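Trainee: pasted the sequence and its predicted model underneath.
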Amino acid sequence: MTAADFDLSDTAFWGRPMAEREHAFRLLRGLPEPVFYQEPDFAMAPKGPGYHALVRHADVLAASRDPEVFSSADGGATNIPDMPSEFTEYFGSMINMDDPRHARLRRIVSRSFTPKMIKQFEADVEAAATSIVDDLLAAGPGGDFVAQVAARLPLKIICDMMGIPESEYAFVFEHSNVILGGFDPEFGDIDGMAERLLTSGMELQRLVQDLAAHRARNPGGDLTSSLVNANIDGEALTLQELGSFFILLVVAGNETTRNAVSRGMRLLTENPGERARWLADIEGRAPAAVEEIVRLASPVIFMRRKVTRDHEMNGTLYRAGEKVVMYYWSANRDEAVFDDPGRFDIARDPNPHVGFGGPGPHFCLGAHLARREIGVMFRELLRRVPHLEAGEPEPLLSSFINGIKRMEARF
């Protein structure tokens, strides 16, 4: 296979075996400059001008550090096509904005995601992980690791943070799955995708806006109360901004941690030597092991930017109005940065991965929380189910999320 034999805009490419996709990106990284692709056919959006595929670590870092040239605005960071304006009502969160709007929103919400604030949730994370493993052991082997373990922890923590009752967990899980279902036929046909996305976005916004209206009158100790009553330098979130932030939080925080835990369990199954190393020092190995899991899992495959003016970067000229797609998944396997990048090494150091996004204003706000959740979940699993193995994963068909839908738990 050569670089001319595949197309990143072709949905079928993302259904190929992982080894083939890894080979394809290895070929792309070896080319002298980024390949320019035509945009995928998307019924809900007009076909755009195409995009440069940034697959090397150096290019992803450079574009991430220069938001004035590589813009996140117009609601397009999470989609290659330019989405219709009605989508920004539900999905126009700060991840799809530039400064000063981005800075304003991030300033309001960031105080709830500092390491100091995340430390306050430690007991909740540990209690949830303990309960999840209790239930796993009670159910016995043969169940679905994704549903029984990986999906439960981030969903519970995020809903508890926001003050959403347990009775709504399944509702949140269902609609976040629809939003990130990609082109997977399990979540419906392509023709109905726009309606499904808008409906799920509307339902999640309605849920948090109803809660926010209640918390404005009856504040509690949850994040919704803090955000709806926040006044940072005279600024507060509107209900629409709160709704869009909740969709970002529940989708990004739930899906990414879920898939990092799922893929981490598969990596430990495929690499028993690394499992033994971690078992020998569960606490001591945890920080580096979590970073290595995030690097190889790369739950978010890409983010998109639009070029605001003609600009040369690393020897390539990018024209105003063109798009670039930053493939974090590929950057995290760049041979120029990572020694033997396909190897799972729980003690890898240094490990400058971009699994939480590249440097710059859009680095993942929830990285501290995600690291804590992944570390606590594996600590509990390694201590209490040390011989747990993951079956063959059933992957999500998506160019955006490196997801696993189902995976058998064996122990």
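Mentor: Perfect, I can see it now. Residues are numbered from 1 along each chain as shown.
Trainee: show me where pLDDT drops low in the stretch 1-150 of the chain?
Mentor: Applying pLDDT under 70 to the stretch 1-150 of the chain flags residues 42-45, 75, 86, 88-90, 92.
Trainee: buried stuff in stretch 205-217?
Mentor: Gln205, Leu207, Val208, Gln209, Leu211, Ala212, Arg215 (16 or more other C-beta atoms under 10 Å). For glycine as for every other residue, the C-beta is placed from the backbone atoms N, C-alpha and C.
Trainee: a markdown table for those residues, including pLDDT?
Mentor: Formatted as a markdown table, the buried residues of stretch 205-217 follow (pLDDT from 0 to 100):
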| residue | pLDDT |
| --- | --- |
| Gln205 | 90 |
| Leu207 | 94 |
| Val208 | 91 |
| Gln209 | 91 |
| Leu211 | 93 |
| Ala212 | 91 |
| Arg215 | 91 |
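Trainee: now those as TSV including distance to Phe246?
Mentor: What follows is the buried residues of stretch 205-217, written out as TSV (distance: C-beta to C-beta, whole Å):
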residue	distance to Phe246
Gln205	7
Leu207	8
Val208	4
Gln209	9
Leu211	9
Ala212	9
Arg215	12
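Trainee: take the residues you listed and write them to TSV, including secondary structure and distance to Glu408.
Mentor: Shown next, in TSV, are those (DSSP: H, G, I helix; E, B strand; the rest coil; distance: C-beta to C-beta, whole Å):
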residue	secondary structure	distance to Glu408
Gln205	helix	35
Leu207	helix	32
Val208	helix	34
Gln209	helix	39
Leu211	helix	36
Ala212	helix	40
Arg215	helix	41
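Trainee: for Asp160, see how far away the spatially closest residue to Phe411 that is not a sequence neighbour is.
Mentor: Spatially, and ignoring its direct neighbours in sequence, Phe411 is nearest to Leu388 (4.4 Å; C-beta to C-beta, 6 or more residues apart in numbering). Separation of Leu388 from Asp160 (C-beta to C-beta, to the nearest Å): 25 Å.
Trainee: between the two, tell me which one has more neighbours.
Mentor: Just comparing Leu388 and Asp160: by other C-beta atoms under 10 Å the higher neighbour count belongs to Leu388, 21 against 18.
Trainee: how about Phe400, what does it touch?
Mentor: Listed by C-beta atoms under 8 Å, 6 or more residues apart in numbering, the contact partners of Phe400 are Thr78, Leu180, Gly182, Val300, Ile301, Phe302.
Trainee: cool, and Ala129?
Mentor: Counting by C-beta under 8 Å, 6+ apart, the residues that Ala129 touches are Leu153, Val376, Met377, Arg379, Glu380.
Trainee: and the two most separated of those residues?
Mentor: Comparing every pair within the contacts of Ala129 by C-beta to C-beta identifies Leu153 and Arg379 as the most remote, at 12.0 Å.
Trainee: confidence score at the residue nearest to Phe411?
Mentor: Reported pLDDT at Leu388 in the predicted model: 98.
Trainee: quick one: mean pLDDT for the longest helix along the chain?
Mentor: For the chain, the helix reaching the highest residue count under DSSP state H is reported as helix 239-270. Helix 239-270 shows a mean pLDDT of 90.
Trainee: name the helices or strands packed onto whichever helix or strand comes after that helix?
Mentor: Moving toward the C-terminus from helix 239-270, the next helix or strand (DSSP states H and E) is helix 272-280. Where contact means 3 or more C-beta pairs under 8 Å, 6 or more residues apart in numbering; DSSP states H and E, helix 272-280 is packed against helix 239-270, helix 282-297, helix 367-384.
Trainee: packed most tightly, which of those would that be?
Mentor: helix 239-270 (a mean of 23; mean count of other C-beta atoms under 10 Å).
Trainee: for the stretch 51-200 of the chain, just list every one of the strands.
Mentor: Listed in chain order, the strands of the stretch 51-200 of the chain (DSSP state E, counting those that start in this stretch) span 51-54, 70-71.
Trainee: let me know which of the ones you listed is tucked in deepest.
Mentor: When the strands of the stretch 51-200 of the chain are compared using mean count of other C-beta under 10 Å, strand 51-54 is most buried, at a mean of 26.
Trainee: and that one, what does it pack against?
Mentor: Strand 51-54 packs on strand 36-37, strand 323-327, going by 3+ C-beta pairs under 8 Å, 6+ apart.
Trainee: now tabulate the ones you listed in a markdown table and tack on distance to His52.
Mentor: Listed next are those as a markdown table, based on distance: least, C-beta to C-beta, whole Å:
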| stretch | distance to His52 |
| --- | --- |
| strand 36-37 | 5 |
| strand 323-327 | 5 |
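Trainee: now tabulate those in JSON lines and tack on mean neighbour count and distance to Asp99.
Mentor: Output for those, formatted as JSON lines (neighbours: other C-beta atoms under 10 Å; distance: least, C-beta to C-beta, whole Å):
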{"stretch": "strand 36-37", "mean neighbour count": "16", "distance to Asp99": "28"}
{"stretch": "strand 323-327", "mean neighbour count": "25", "distance to Asp99": "18"}
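Trainee: out of these, which comes closest to His311?
Mentor: strand 323-327 (10.1 Å).
Trainee: what lines up beside that closest one in the sheet?
Mentor: strand 51-54 (parallel), strand 302-307 (antiparallel) (DSSP bridges).
Trainee: quick one: the last one to chain centroid distance?
Mentor: Read that as strand 302-307. Strand 302-307 sits 15 Å away from the centroid of its parent chain (C-alpha atoms, centre = their mean, to the nearest Å).
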